[in-house]
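kindly generate the corresponding structure for this input.
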Amino acid sequence: MHRVSLLLVLALLCATLTRATAVTTPSGSLSGRVVDVHGRPVAGAIVQADESYDQPGFPRRGLVFGGPVRFARGSATTEADGTYVIRGLSPLFYDISLAGPSDLLARTVNMVRVKYGQMARARDLIATHGAPLTGRVLDADTRKPIAGARLRIYGTSRLIVVDADLSGAYKARVLPEGVRMQYDGGHSGYVQALAFGQASFNVPPSGLRNADILVKHAELAKGTAVDETGKPMSGMTVNLFGANTLGTGSTDAEGTFRIWIRPTVPRSEHSNLDPVLVRVETADHTLGVVATVKHYDLLKGRVYTLHSPLKLEVIVKRQDAAPLQGAKVSLASGPSGFRYQTSAAATTDVDGRLRLSVYEGDQPTLAVTCKDYFQRDLGIKLPIVGSAAWKDKVEVEMVKGRRMWSLVVPRPLRL
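Predicted structure coming up:
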């Protein structure tokens, strides 16, 4: 009996603390108005506030395929006089957009700051029915229509998604501006992840007709892995990294790999496309190779000779030159600014040292982090492994710093 009473008291206490926390949680509000092109209020419109990708004074939150990561958001419906209030927002910068009704569009209002306990005021959203945009979705090789294809339309208003009919024709209404359209699947013969089609158009106020989009099938990347004697290597892990390419596979009994990847436009031996980083290695990381190749060469196929990895010694020190124990060090690789982590984070010993394995031909980025010390998101870019500028030892000096929002404030490291 006493145990049951004690449990009831604890439950009531938890409920009271929860309500108190909910009431005292600091937040702000945001208000504004939706009007038409003549300045008349628009009632019943849905307004949405999304956390801005850029937050001045704080590191960027990161990207995912298709757009930035959105963490905080809120929404409200306009009253008869066109006004709205969005409450309970965290103190951040927000992008304000018109989420509905579907027949109305408005240019997004960016970077509206919300402060603790204050009411922010956003510029008016000017609602309009937009301009007509029509066209067809066609196969890039046969010029045949793709029935039921789905398109995503990006501009300065909200994201618009439309489906083509059985003849491959689509129609939408957009703001009169530059828009970017992207194929997003919707047909069994064109796998979304392995087909590619996009186009950009400038839409005048009167609209735009015959804005066709060409969709290309997947392309086949291929190559052969051999050891230093020329013997084919089977069972090798193959990873492809690039701005427009990302694929994983393995070699067969003849040492050959074939990986379907997203196509690119145009397809030409002399096209100025981003290079692709090819990483081939054994499962136990005792042999491997990293090569940066042109996209066209990736489709033709080439031979990759595997070697034993080289050792990179990293020495991490404090500003007073004393060794820094417990710093986490990892490597990332990838061309044209697209970096992919290629080694698990290792920790420095009592002498501030650790050794990492790197493959010849790679140009890795070294990332060093430690509690209460500054870091760089992209870290330190090293010379190409095995080149004349390559050194098997690198020293990193860490600088004391403070934290904001549990994230370390970025600051360059000094070698």
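
helices of this protein, start to end?
Taking DSSP state H to define them, one finds helices in the chain at 2-24, 295-300.

show me the shaky parts of the stretch 51-200 of the chain.
Scanning the stretch 51-200 of the chain for pLDDT under 70 picks out the ranges 57-72, 186-196.

domain parsing for this protein?
What the record gives for the chain is the domain set 28-127, 131-215, 219-305, 310-408, from automatic domain parsing.

which stretch in the helices of the chain has the least confidence?
With a mean of 52, helix 2-24 has the lowest mean pLDDT of the helices of the chain.

measure residue 84 to residue 45 for me?
From residue 84 across to residue 45, the span is 8 Å (Cβ to Cβ, to the nearest Å). From N, CA and C alone the C-beta is placed, and that goes for glycine too.

between the two, which contacts overlap?
Common neighbours of residue 84 and residue 45, using Cβ atoms under 8 Å, 6 or more residues apart in numbering, are 34, 77, 78.

residue contacts, the last one?
By Cβ under 8 Å, 6+ apart, residue 78 lies in contact with 33, 34, 41, 42, 43, 44, 45, 47, 84.

you'd agree the last one is up against residue 77?
In other words, residue 84. Yes. Contact criterion Cβ atoms under 8 Å: residue 84 and residue 77 qualify, at 6.7 Å.

in stretch 101-108, what's buried?
Applying a neighbour-count criterion of 16 or more other Cβ atoms under 10 Å, the buried positions in stretch 101-108 are 104, 105, 106, 107, 108.

which of the residues you listed sits closest to residue 325?
residue 108 (48.1 Å; Cβ to Cβ).

bridging residues for the closest residue in space to the closest one that isn't next to it in sequence?
The spatial neighbour of residue 108 that comes closest, neighbours along the chain excluded (Cβ to Cβ, 6 or more residues apart in numbering), is residue 97 at 4.5 Å. According to DSSP bridges, the residues that bridge with residue 97 are residue 48.

residues that sit against both of residue 84 and residue 77, list them.
Residues touching both residue 84 and residue 77 (Cβ under 8 Å, 6+ apart) are 45, 47.

compare these two (neighbour count), which wins?
residue 84 (22 against 13; other Cβ atoms under 10 Å).

quick one: contacts for the more buried one?
Shown in contact with residue 84 (Cβ under 8 Å, 6+ apart): 31, 32, 33, 34, 45, 47, 76, 77, 78.

what residues are bridge-paired with it?
residue 32.

got it, and residue 226?
On the basis of DSSP bridges, residue 226 is bridged to residue 232, residue 305.

what separates it from residue 361, distance-wise?
Residue 226 is 15 Å from residue 361, by Cβ to Cβ.

can you check residue 198 too?
Relative to residue 361, and taking Cβ to Cβ, residue 198 is found at 32 Å.

who has more neighbours out of these two?
More crowded of residue 198 and residue 361, by other Cβ under 10 Å: residue 361, with 20 against 16.

surely that one is in contact with residue 293?
No. Using Cβ under 8 Å, residue 361 makes no contact with residue 293, being 10.3 Å away.

residue contacts, residue 278?
Neighbouring residues of residue 278 by Cβ under 8 Å, 6+ apart: 223, 238, 239, 240, 290, 291, 292, 293, 298, 304.

next, count neighbours for the fourth one.
For residue 240, the neighbour count with other Cβ under 10 Å is 21.

what's the answer for the last one, then?
Summarising burial for residue 304: neighbours were counted as other Cβ under 10 Å, giving 23.

mind checking how far stretch 292-311 is from the chain centre?
26 Å (Cα atoms, centre = their mean, to the nearest Å).

next one: stretch 200-215
27 Å.

which parts of it are buried?
Residues of stretch 200-215 classed as buried by neighbour count (16+ other Cβ under 10 Å): 201, 203, 207, 208, 211, 212, 213, 214, 215.

and the residues you listed, which is closest to residue 52?
Of the buried residues of stretch 200-215, the one sitting nearest to residue 52 (Cβ to Cβ) turns out to be residue 203, at 25.2 Å.

mind listing what that closest one touches?
131, 133, 174, 175, 176, 177, 178, 179.

next: residue 113.
Taking Cβ under 8 Å, 6+ apart as the test, what residue 113 contacts is 92, 93, 94, 120.

one step back: switch the buried residues of stretch 101-108 over to CSV; also include distance to residue 328.
Listed next are the buried residues of stretch 101-108 as CSV, based on distance: Cβ to Cβ, whole Å:
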residue, distance to residue 328
104, 50
105, 47
106, 45
107, 44
108, 38
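
just the closest of these to residue 147, please.
Taking these together and measuring to residue 147 by Cβ to Cβ, the closest member is residue 105, at 27.0 Å.

you'd agree the closest one is up against residue 131?
No. Between residue 105 and residue 131 there is no contact, the gap being 9.4 Å when judged by Cβ under 8 Å.

give the residues shared as contacts by the two.
Counting by Cβ under 8 Å, 6+ apart, the contacts common to residue 105 and residue 131 are 173, 174, 175.

out of those, who has the most neighbours?
So for the shared contacts of residue 105 and residue 131 (other Cβ under 10 Å), the most neighbours sit at residue 174, 25 neighbours.

partners of that residue in the sheet?
residue 131.

thought it was touching residue 128?
No. Using Cβ under 8 Å as the test, residue 174 is too far from residue 128 to be in contact (10.3 Å).

show me whatever sits in contact with both of the two.
Counting by Cβ under 8 Å, 6+ apart, the contacts common to residue 174 and residue 128 are residue 105.

buried ones only from the contacts of residue 203, please, as a ChimeraX command.
Selecting only the buried entries of the contacts of residue 203 in ChimeraX, with 16+ other Cβ under 10 Å as the criterion:
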select :131,133,174,175,176,177,179
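
possible to save the contacts of residue 203 as TSV with distance to residue 347?
Below are the contacts of residue 203 laid out as TSV (distance: Cβ to Cβ, whole Å):
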residue	distance to residue 347
131	58
133	54
174	52
175	52
176	56
177	51
178	49
179	48
